[in-house]
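1. the sequence and its predicted three-dimensional model are supplied below.
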Protein chains: 2
Amino acid sequence: MEAIGLTLPIVREGDDLAGLILRAATEEGLAIEDGDILVVTEKILAKAQGRVVRLDSVTPSEEARALARKTGKDPRLVELILSESREVLAAGDGFLITETLEGFVCANAGIDQSNVEEGFVKLLPEGPDKAAEEIRLEVEKRTGKKVGVVISDSFGRPFRCGSVGVAIGASGVKALWDRRGEADLYGRTLQSTRVAVGDLIASTANLVSGDADEKTPVVLIRGLKGLAGNGRGADLIRSREQDMFRRKV
Amino acid sequence: MEAIGLTLPIVREGDDLAGLILRAATEEGLAIEDGDILVVTEKILAKAQGRVVRLDSVTPSEEARALARKTGKDPRLVELILSESREVLAAGDGFLITETLEGFVCANAGIDQSNVEEGFVKLLPEGPDKAAEEIRLEVEKRTGKKVGVVISDSFGRPFRCGSVGVAIGASGVKALWDRRGEADLYGRTLQSTRVAVGDLIASTANLVSGDADEKTPVVLIRGLKGLAGNGRGADLIRSREQDMFRRKV
C-alpha cells in the first residue's frame, strides 16, 4: 500500500473539490488508477460548502449561556454546538460531548476553531455521504477510473487518549466490513470480526497528513485490494440501543 | 508513505520474533532502513510468549459461572477473562467488557479464540511495551538501523461500529503526540490537538494486513518523518479520572 498526501490551495466556498484534487494529483505526477481511494478531510469539504460562521453573528440562548459557564467555553460557540446537536452526552470543565445532527458522537459537535480566520468557526460538513458520492462521481467522470472516496475527521474517544481518524462519509468503498463467516488460519469460522475499514482508511490518511494544518488535506491510498463497496459513513455509527456504554451514561 | 505486509511462518512458543521479522523482510527484498516502523500484531507476540491456554485446564469459579450465564460465554473462558482483568465494565448477552491487568479496556480481556488450535485460547501478551523494546533493540543490533516497533491489536469502541487498530505496546516511536502549541494555517496556536499516533500506526497496519488471519502479522511502514520518539503503549490509556464516560458507567 502507498499513501500519498496531496497539496491543495486554501479552499473557499463554492470551490470544485474534484477539480482541485485532480489538479493536485497531476502536480504530484500521479494519474488516478482504478481502486484508488481518495481521503478528503472534512475541513476542506466544510469550507467548500460555506460552513464557516462568524461568531459575532451568533446570539447565545439561556441554555447555551448555562453550558458555557459549566464548560468555560464561549457562549456563542456553545450556541452553535447545540444547534448542530441532537443531544448533550457529557459536559464539564473544558469539554462538551454531543451527538451531532448526523449522529456522530464527538467533542464540540465537530466545530473547529483552527484553520479558519480569526473570529470565525467551521462547522462539520452537511451530508458527508452524499458529498463523498458527488466527489467520487465527478472524479470518475473526468478520469474514467473507479475510485473510492472517504470524508475523514479526527475524534477523541473514551478509554484511550488522543484523536484518531474516523470516516464521516464514504462512497465507492467498504466502510464497515463484516468478515464473520470467513475462515481463520485453522479453517474455523470467525465469530465476531467486523472491521471499521472506513476508520482505518481515515486513520491511515491522518498518519500521512498530520492534522494540524491543511497542507495535504487529501491523501491518495493505492494498492489495496478488495475494498471497493457501497459503504457509507453512517454505517459506522453505533445505534444507541447497541451501545452498552451509551445506555448507562 | 509505504506500508508492506510481511509473511511469517506460524509462530510457536520461544520463537525469535526479531529474527523471523528480518528473514521475512529479506524474503520481500527489503533491507531495514533508519526510520522504518515495524508493526507486530499481538497475536504472534503472545504465541512466542507461550500465552496459549487449553480451555480444559481451566476450572471456573462461582463468579465466572454466573457471568457465563449472563453473557452466554464458556465459563472457562470467562474464568480466564476475569483472571486477566482488574474490573468488569459491562456484561450482557454476548459481550463482556473489562479493564485488563495492563489497563486496556476491551472485549474479553483481549482473549482470542481464532487462529489457535481447537480447544485452546490465546491471552494478550505480557508486558507489550517491554516486548516492543526487546524486538526494537534486537532489530537495531542486527541491522545497525534505528527503527520503531509497535505491538498492535484490534479493539471495538463505544459510539462506533467495528474494530480499529490500537497500539498496546511501543518503542522507539511516538505514541501520543502532543501538538498543542504548534501553529495552524493562520499562524494561531493549536489548543487541543493530541494525536494518538500509535493507534494511527496500528490502524494503518490493520488496513494492510487485514485481521482475519496471520498471513502478514508484521507490517513495515516506511517514509514517515518525525515519528521517532519514546512513546509507550501505556501512554494511550486514558486514566479513569480523565474519562467522562468511564466515571458515569
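-> Nice, thanks for sending it over. Numbers count the residues shown, from 1 in each chain, chains lettered A, B, ... in the order given.

2. going forward, measure contacts between C-alpha atoms and count neighbours the same way
-> Fine.

3. distance of A:Val147 from chain B?
-> As for A:Val147, its distance to chain B is 17 Å (criterion: CA to the nearest CA, to the nearest Å).

4. residues in contact with that residue?
-> Contacts for A:Val147 (CA atoms under 8 Å, 6 or more residues apart in numbering or on different chains) come out as A:33-38, A:136, A:139-140, A:172-173, A:228.

5. how about A:Ser85?
-> With CA under 8 Å, 6+ apart, A:Ser85 has these contacts: A:98-101, A:109.

6. buried ones among these?
-> Buried members of the contacts of A:Ser85, counted by 16 or more other CA atoms under 10 Å in any protein chain shown: A:98-100, A:109.

7. which stretches of chain A have low pLDDT?
-> A:185, A:189-192, A:211-214, A:247-249 (pLDDT under 70).

8. care to break it down by domain?
-> A:2-40+A:139-242, A:52-122 (automatic domain parsing).

9. deepest-packed of these, please.
-> A comparison of these by mean neighbour count, using mean count of other CA atoms under 10 Å in any protein chain shown, puts domain A:2-40+A:139-242 on top with a mean of 21.

10. how long is that one end to end?
-> Counting by CA to CA, to the nearest Å, you get 35 Å between the two ends of domain A:2-40+A:139-242.

11. can you map out the strands along chain A?
-> For chain A, the strands defined by DSSP state E cover A:2-6, A:37-41, A:52-54, A:85-92, A:95-100, A:105-107, A:120-122, A:148-155, A:164-171, A:177-178, A:194-195, A:218-222.

12. list the helices and strands the first one packs on?
-> Spelled out, it's strand A:2-6. With contacts defined as 3 or more CA pairs under 8 Å, 6 or more residues apart in numbering or on different chains; DSSP states H and E, strand A:2-6 has these neighbours: helix A:17-27, helix A:197-209, strand A:218-222, strand B:2-6.

13. switch the cut-off to 6 Å
-> strand A:218-222 (3 or more CA pairs under 6 Å, 6 or more residues apart in numbering or on different chains; DSSP states H and E).

14. pull up the pairing partners for the strand it packs on, direction included.
-> strand A:2-6 (antiparallel), strand A:37-41 (antiparallel) (DSSP bridges).

15. quick one, the last one and helix A:17-27 angle?
-> Same thing as strand A:37-41. Strand A:37-41 and helix A:17-27 are oriented at 120 degrees to each other (axes from the mean of the first three to the mean of the last three CA atoms, to 10 degrees).

16. the first one too?
-> Here strand A:2-6 points in a direction 110 degrees away from that of helix A:17-27 (the same axes, to 10 degrees).

17. re the thing from before, in CSV, list the strands of chain A along with distance to B:Glu182.
-> Converted to CSV, the strands of chain A look like this (distance: least, CA to CA, whole Å):
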stretch, distance to B:Glu182
strand A:2-6, 20
strand A:37-41, 19
strand A:52-54, 22
strand A:85-92, 25
strand A:95-100, 21
strand A:105-107, 20
strand A:120-122, 19
strand A:148-155, 17
strand A:164-171, 18
strand A:177-178, 36
strand A:194-195, 33
strand A:218-222, 21
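
18. out of the ones you listed, nearest to B:Pro217?
-> B:Pro217 lies closest to strand A:194-195 among the strands of chain A, at 16.3 Å (CA to CA).

19. any residues touching the closest one, and which ones?
-> By CA atoms under 6 Å, 6 or more residues apart in numbering or on different chains, the residues outside strand A:194-195 that reach it are A:176-179, B:162-163.

20. quick one on the thing from earlier: out of the contacts of A:Ser85, flag the one nearest to chain B.
-> Comparing the contacts of A:Ser85 against chain B with CA to the nearest CA places A:Glu99 closest, at 9.5 Å.

21. chain B contacts on chain A?
-> When proximity is defined as CA under 6 Å from any CA of the partner chain, chain A approaches chain B at A:1-3, A:115, A:159-164, A:184-185, A:194-196, A:200, A:203-204, A:207, A:212-213, A:236-238, A:248-249.

22. and the contacts of A:Ser85, which two are the farthest apart?
-> Greatest spatial distance among the contacts of A:Ser85 (CA to CA): A:Thr98 and A:Leu101, at 9.4 Å.

23. give me the distance between the residue of chain A positioned farthest from its centre and B:Leu124.
-> Going by CA atoms, centre = their mean, the residue of chain A most distant from its centre is A:Tyr186, 36.9 Å out. With distances taken as CA to CA, A:Tyr186 is found 19 Å from B:Leu124.

24. hmm, A:Ala46 is touching A:Pro125, no?
-> Yes: counting by CA atoms under 6 Å, A:Ala46 touches A:Pro125, with 4.3 Å between them.

25. looking at those two, which one has more neighbours?
-> A:Pro125 (24 against 20; other CA atoms under 10 Å in any protein chain shown).

26. touching, the more buried one and A:Ile44? I think so.
-> No: counting by CA under 6 Å, A:Pro125 does not reach A:Ile44; the two are 8.9 Å apart.

27. state the distance from A:Asp129 to A:Ser171.
-> Distance, A:Asp129 to A:Ser171, using CA to CA: 7 Å.

28. settle this for me: A:Val164 is touching A:Ser152, isn't it.
-> No: between A:Val164 and A:Ser152 there is no contact under CA under 6 Å: 10.1 Å.

29. name the residues that touch stretch A:13-25?
-> Here stretch A:13-25 makes contact (CA under 6 Å, 6+ apart) with A:6, A:47-50, A:135, A:139.

30. filter the residues you listed down to just the ones in helices.
-> Counting by DSSP state H, those place A:47-48, A:135, A:139 in helices.

31. including distance to B:Lys145, could those go into TSV?
-> Below are these laid out as TSV (distance: CA to CA, whole Å):
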residue	distance to B:Lys145
A:Lys47	43
A:Ala48	44
A:Ile135	42
A:Val139	41
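
32. out of those, who's nearest A:Leu224?
-> The nearest one, if we look at the ones in helices among the contacts of stretch A:13-25 relative to A:Leu224 and count by CA to CA, is A:Val139, at 18.8 Å.

33. bridging across strands, which residues link to A:Arg160?
-> Beta-bridge partners for A:Arg160, by DSSP bridges, are B:Ile237.
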